[in-house]
Every structure is written in C-alpha cells, then in structure tokens.
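Asks: Requesting a structural model of the entry that follows:
(chains A and B)
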Protein chains: 2
Amino acid sequence: MLDPKPRVGFVGLGRMGLPMSRKLLEAGYPLTVYNRTAAKADALAAAGARVATRVGDLASEADIVCTCLDTTAASAKIFLGPDGVLTHGRPGTIAIDHGTIGPDLARRIAGSLGERGIEFLDAPVSGGPEGASQGTLTIMVGGAADTFDRALPMMRAYGRTIARMGAAGAGSLTKLVNQLLTFVHGAVAAESLALAERVGLDLAALGEVLAASFGQSRMLERTLGRVRTGDFEAGAALRLYSKDLGLVEQAATEAGARVPMLAAAEAVLNQALERGLSERDVAALVLMFRDPRPR
Amino acid sequence: MLDPKPRVGFVGLGRMGLPMSRKLLEAGYPLTVYNRTAAKADALAAAGARVATRVGDLASEADIVCTCLDTTAASAKIFLGPDGVLTHGRPGTIAIDHGTIGPDLARRIAGSLGERGIEFLDAPVSGGPEGASQGTLTIMVGGAADTFDRALPMMRAYGRTIARMGAAGAGSLTKLVNQLLTFVHGAVAAESLALAERVGLDLAALGEVLAASFGQSRMLERTLGRVRTGDFEAGAALRLYSKDLGLVEQAATEAGARVPMLAAAEAVLNQALERGLSERDVAALVLMFRDPRPR
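Replies: Sure thing, here's the model as predicted:
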C-alpha cells in the first residue's frame, strides 16, 4: 500500500526546530518551513525544503503544521493570529506545538482550532539540540487519541519516546513537571559541584561514584560534563526557564499544590539572570556558585 | 597461595549493618559482631558469627573493624571511647566507618588511631538496605591508598562500586555531596508527583516519560515506585537526613560555598519532621505535599 507521506509545515527554526526539520527531510517528508529570520531556512532549502514567506501560505498547504517556538506569545500568534493556522488551515489539518506553552493556552488553542475542524496536539519535547539532531527526543503529547495515532509516524522522525499523556493540556503539564525536575536538578548539580571543587574532590571520580549512587540524575551527568569541558554555551538558555518555571508556578497555584523547591529554584534562576547568565546554558549556574559566599 | 581471610568485627547491626554483616559471612569471612541491642545479632550467630558483649573484645581480636552507625556520637564512641578501637585495637588493624560522619570527625578519628598504628578509612555507602542485601552498595572511601587496597577485597562482599576519593575525609565529603543531591532530588520528586496527582496525570505513564527525559533521577524512580505501592516504610528514615544535611551545611560554611538548594531542602525536611514523618522514608515527603496549600 502506497500511502503518500503527509506534507509537513514547520514554523520556528531555532536550536530545536532546525534539527527537527532536518530529520523530517531525511525521513522523506515533503517539508515547508517558516522562520521569522528567513536566513535560518537557507540550509534546509538547499536540502530540499520549500520556504514560505508567510505562515498563512504554509498553513494552507500543509497536512501537519508543527511549531517549536521560544515564547507562548509566539505560539498564540502562529496558531490563533490573523496570518496563522486558525485562519488558513484546512479542516483535517493536524497542528502540533512542540514548544512549552502551559496547559491553559494548549486547551485554548485546541478549542479554537477544533471549532474549525483542525486537530491540535500539545507536544513539548525533552532532549535538547543533541536529542533533536539524533532523532531521540522524548515527546509528551496531549490531545485526541486518533490524532496522536495519525501524527505518530511523522513524530518518529525526531522522537524516540513518544507518549500520549491524555487530553489537550496533558502534554504541557507533563513537560512542566519535567521542567521543575530538570531545573531543580540542574541547580543542585551546580551547587554540589561548586562545593565539591571547593573541598578539593576530583570531579571525574566524583561523577563515577555519584552515577552509581542515589544522588544520580541525568542533569548531574550533563552538568558535570559541561563543567569539565568548560562549555557553557546554551543547549537550553537560562532565560527560557523563566517562562517555564512561571508556567509551573501558575499550574501549581491553580491546583493548590505546595512547591517550595520550585520557589528556591526560581530564586536561583533570578540571581543567575541578574548576574548576566541569561543566554548561557543551565550548567552555567556553576559559574554563579563558584562566587564565594557573602560574609 | 593460601592467604587466610582477615578476621572482621562489625559494630552496628541496623538496617544497613545487618545485611552487610550477612554478606561478609556468606563470603566466608570469620566474623564477630556487636550491637547495643544484642538480640539483633541472633540471626547472624545462628549463621556462624561470634557475638561480642563488649566492643573492646571485638576490637582486640579483629584484623578489620567496621562500623555502620546512625549518629556521629556513636562513631566517635566506638572508635575513640574507652571501650573502643583506639584503646583495644592492635597496631596494623584497619578500622572502617561506613556511616556518614562528616570530614572533620573522619580526620580526627584517622589522626587519633594513626598515632597507635591503626589505619582508618571513612567509607560511607549509598544504596540503602536493598543494596546491602544484594551486595551492590557504592562505597566512597577516604584514607591511605595501601589501606584501601588491603580492605578492598573484603568490601567487595557488600560493595560493587568502591572508589577511593582521596585522603581521610574525602569519602565523607563525597557522601555529603551525594546526600545533598539525594535529598533535594527526593524533595522535588515528592513535590512534582503530588503536583502531577493534583492535575490528573497518570503516574505510571509519567514515570516512563520522565525516565527518558532530562527530569530523570534515581530518586525520582525510587519515589515514584513507593508512591505507586504506598510503601513509605523507611529505607533511610527522614530523621537521619537532619544529621546529614547539617553536616553538608557545616562543610559548605567552612568552604565558603553558597548552598541555597540545601537551605530549601532543610526547610522541607524540618516541616516533614514537625509533621511526624521522622521515622518514615524520604518518599513519605509526598504525604506532606499532598496536603493542600494554605491560602
């Protein structure tokens, strides 16, 4: 049975969207891309992608429209704005947001698009630019089961662990839980490694022992790797966590949940942003923790 | 070459020391045990261990004296007290503390014992009662390299990852870093899972997704397992973390290190102890986080 691959439109060619789009091309999907800064599409165009000059053009032609954007405002504009998917998408189109937008906006987009017969999945990812390049992202999906099933083969181009977590908003909620864990783990990793440096422990030996101990975490391994190489260029820039932790706080407030570790993490983050680390990787928190304690 | 196995004395038959002692018997080491509550030695006696009624008797006969005790005061007493290793141990004896005592006491014990020709290793463990029963503990060791080499075959009876981290105190410092990570990870795991319950996420599906995401940690997996089975009986009781986090704070203060995540963790711990959870497992923090947020 020859089932032609759906035409995919991808909006947002940043650190995540660019490698995700490349994986779609490699997997043979007919791809149209859009990026505010058009030059970022050049390499994809050379590899066979069409480049749209307006989101509306992309939305009217695609069977599946994906976005991966930094801000909730950008997502709202692409899906609900006048040049966006709501106005230009055809009934039956699947719209997928791979950014981190929070459950409320996810449900609002799902509701609005649904009235036009456009199906929506909130499908944030974990794995960073490396995971995107390797096609090993984890994708946390909220939305209708049949929509999920139809979109799944395409998401396999860049995802490995792909789970439907429930109705609209459930993917976003899952991602918020992940971000809370990720940032707290990253903050305590930086705090611990700076302490270990001060007391003279060998970080390589420490890493091996902790990997086999209850202190193990993926963020500790990632942070330690970057501390050892001195590479603090952003995989995920610290400023992005302001939005994400704010969304966690909003979800926790609405749910009446206690989140003291979140509060501590936000204080650490704000201090790091004041210290000028906003464009650096979360591992760069170690630079702040290396500063001596004020007396 | 027939090298007879050294005679081992083991002091402290609690949740950790009992299974560790059993592994020594299984590995064929001649074993003498001591416990303040003598009845805890009964099962080991039935399996072939001798039971000492005074620490001094055990210390005078053993080639290697191990302890695994809950408090720093108990360690100080066993090693340095009048009925202890300092007074009754022979030159050439190796003394090993598997508890969590902090680097200052470790160096003090090492110094005092060293003057009598008794070699000391601070060698705290990670892995809990399960790791002890299975012989898969991680052991973080501080002390002289040749002492480490001589003790290593015996420690393999209950340890799998066994690393010498440096001179006296280095094992303890490594354990403190591990405890900081472990407790913060445990606290944020409980906070996250209680939030996930409130917003209606399926915990089994959440666990699978997070295991493949940057939010992964061993404590998250452990906490999730206990939340799903409702088993909050102590592997490591919450009250023990008071001592451990206090030692981390002391080490951080001496080193001039900033530790805001530790401060948040201590606040969570104190709240849990006030709530009567001191004898429960660290996973029982979820019971506290299930309480609704005060308005």
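Asks: Show me which residues of the longest strand seen in chain A are buried.
Replies: Across chain A, the longest stretch assigned as strand under DSSP state E is strand A:159-166. Going by neighbour count (16 or more other CB atoms under 10 Å in any protein chain shown), the buried part of strand A:159-166 is A:159, A:161-166. Backbone N, C-alpha and C define where each C-beta goes, glycine included.
Asks: now swap in stretch A:34-50 and tell me
Replies: Buried positions in stretch A:34-50, judged by neighbour count with 16+ other CB under 10 Å: A:34-35, A:40-41, A:44, A:49-50.
Asks: Please list the members of the residues you listed that lie in strands.
Replies: Per DSSP E, strands hold the following members of the buried residues of stretch A:34-50: A:34, A:50.
Asks: List the neighbouring strands of the longest strand of chain A plus their orientation.
Replies: Sheet pairing for strand A:159-166, assigned by DSSP bridges, gives strand A:137-142 (parallel).
Asks: so how far is the strand it pairs with from its chain's centroid?
Replies: 9 Å (CA atoms, centre = their mean, to the nearest Å).
Asks: mean confidence for the helix or strand just after the longest strand of chain A?
Replies: Moving toward the C-terminus from strand A:159-166, the next helix or strand (DSSP states H and E) is helix A:170-198. On average, the pLDDT along helix A:170-198 is 98.
Asks: What about the residue lying closest to A:Ala45 once chain neighbours are set aside, how many residues nearby?
Replies: Spatial nearest neighbour of A:Ala45, excluding adjacent residues (CB to CB, 6 or more residues apart in numbering or on different chains): A:Val51 at 5.1 Å. Close neighbours of A:Val51, defined as other CB atoms under 10 Å in any protein chain shown, add up to 17.
Asks: which residues sit in contact with A:Val51?
Replies: Neighbouring residues of A:Val51 by CB atoms under 8 Å, 6 or more residues apart in numbering or on different chains: A:32-34, A:38, A:41, A:44-45.
Asks: try 10 Å
Replies: Neighbouring residues of A:Val51 by CB atoms under 10 Å, 6 or more residues apart in numbering or on different chains: A:13, A:31-35, A:38, A:40-42, A:44-45, A:58.
Asks: how close does A:Leu285 sit to B:Asp57?
Replies: 52 Å (CB to CB, to the nearest Å).
Asks: Between those two, which is the more surrounded one?
Replies: Neighbours were tallied for A:Leu285 and for B:Asp57 using other CB under 10 Å; the higher tally belongs to A:Leu285 (28 against 16).
Asks: Would you mind checking the average pLDDT for whichever strand or helix holds the more buried one?
Replies: According to DSSP H and E, A:Leu285 maps onto helix A:285-290. On average, the pLDDT along helix A:285-290 is 97.
Asks: now swap in stretch A:240-253 and tell me
Replies: Averaged across stretch A:240-253, pLDDT comes to 97.
Asks: swap in stretch A:53-70?
Replies: Stretch A:53-70 comes out with an average pLDDT of 97.
Asks: Any idea how far that stretch is from the middle of the chain?
Replies: Centre to centre, stretch against its chain (CA atoms, centre = their mean), the figure for stretch A:53-70 is 18 Å.
Asks: Just list whatever residues bridge to the residue nearest to A:Ala45.
Replies: Assessed by DSSP bridges, A:Val51 has beta-bridge partners A:Val33.
Asks: could you give the angle of the longest strand of chain A to helix A:170-198?
Replies: Orientation check (axes from the mean of the first three to the mean of the last three CA atoms, to 10 degrees): strand A:159-166 against helix A:170-198 gives 130 degrees.
Asks: So, low pLDDT: which residues of the stretch 1-150 of chain A?
Replies: Applying pLDDT under 70 to the stretch 1-150 of chain A flags residues A:1-3.
Asks: can you list the residues of it near chain B?
Replies: Taking CB under 10 Å from any CB of the partner chain as the criterion, the neighbours of chain B within the stretch 1-150 of chain A are A:103, A:124-128, A:131, A:136-141.
Asks: If we use 7 Å, what do you get?
Replies: Contact residues, the stretch 1-150 of chain A versus chain B (CB under 7 Å from any CB of the partner chain): A:126, A:138, A:140.
Asks: Quick one: the residues you listed as JSON lines, columns for neighbour count too.
Replies: Supplementary listing: the residues of the stretch 1-150 of chain A next to chain B in JSON lines, determined by neighbours: other CB atoms under 10 Å in any protein chain shown:
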{"residue": "A:Ser126", "neighbour count": "25"}
{"residue": "A:Thr138", "neighbour count": "26"}
{"residue": "A:Met140", "neighbour count": "33"}
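Asks: Can you tell me which of these is closest to B:Glu115?
Replies: A:Ser126 (54.5 Å; CB to CB).
Asks: for stretch A:262-282, which positions count as buried?
Replies: Neighbour-count burial for stretch A:262-282 [16+ other CB under 10 Å]: A:262, A:264-266, A:268-269, A:271-272, A:277-278, A:280-282.
Asks: near chain B, which of those residues show up?
Replies: Within the buried residues of stretch A:262-282, those near chain B by CB under 7 Å from any CB are A:264, A:268.
Asks: And the furthest pair within the buried residues of stretch A:262-282?
Replies: A:Leu262 and A:Arg280 (21.2 Å).
Asks: So which of the buried residues of stretch A:262-282 are in helices?
Replies: Members of these lying in helices (criterion: DSSP state H): A:262, A:264-266, A:268-269, A:271-272.
Asks: Nearest to chain B: which residue in the stretch 1-150 of chain A?
Replies: A:Ser126 (3.7 Å; CB to the nearest CB).
Asks: pretty sure that residue contacts B:Gln216?
Replies: No. When contacts are counted by CB atoms under 7 Å, A:Ser126 is not listed as touching B:Gln216 (9.2 Å).
Asks: picking that back up, from the middle of its chain, how far away would the longest strand of chain A be?
Replies: 14 Å.
Asks: Test my guess that A:Phe214 contacts B:Arg218.
Replies: Yes. A:Phe214 lies in contact with B:Arg218 (CB under 7 Å); the separation is 5.5 Å.
Asks: Comparing the two, which residue is more hemmed in?
Replies: The neighbour comparison of A:Phe214 against B:Arg218 (other CB under 10 Å) goes to A:Phe214, with 25 against 22.
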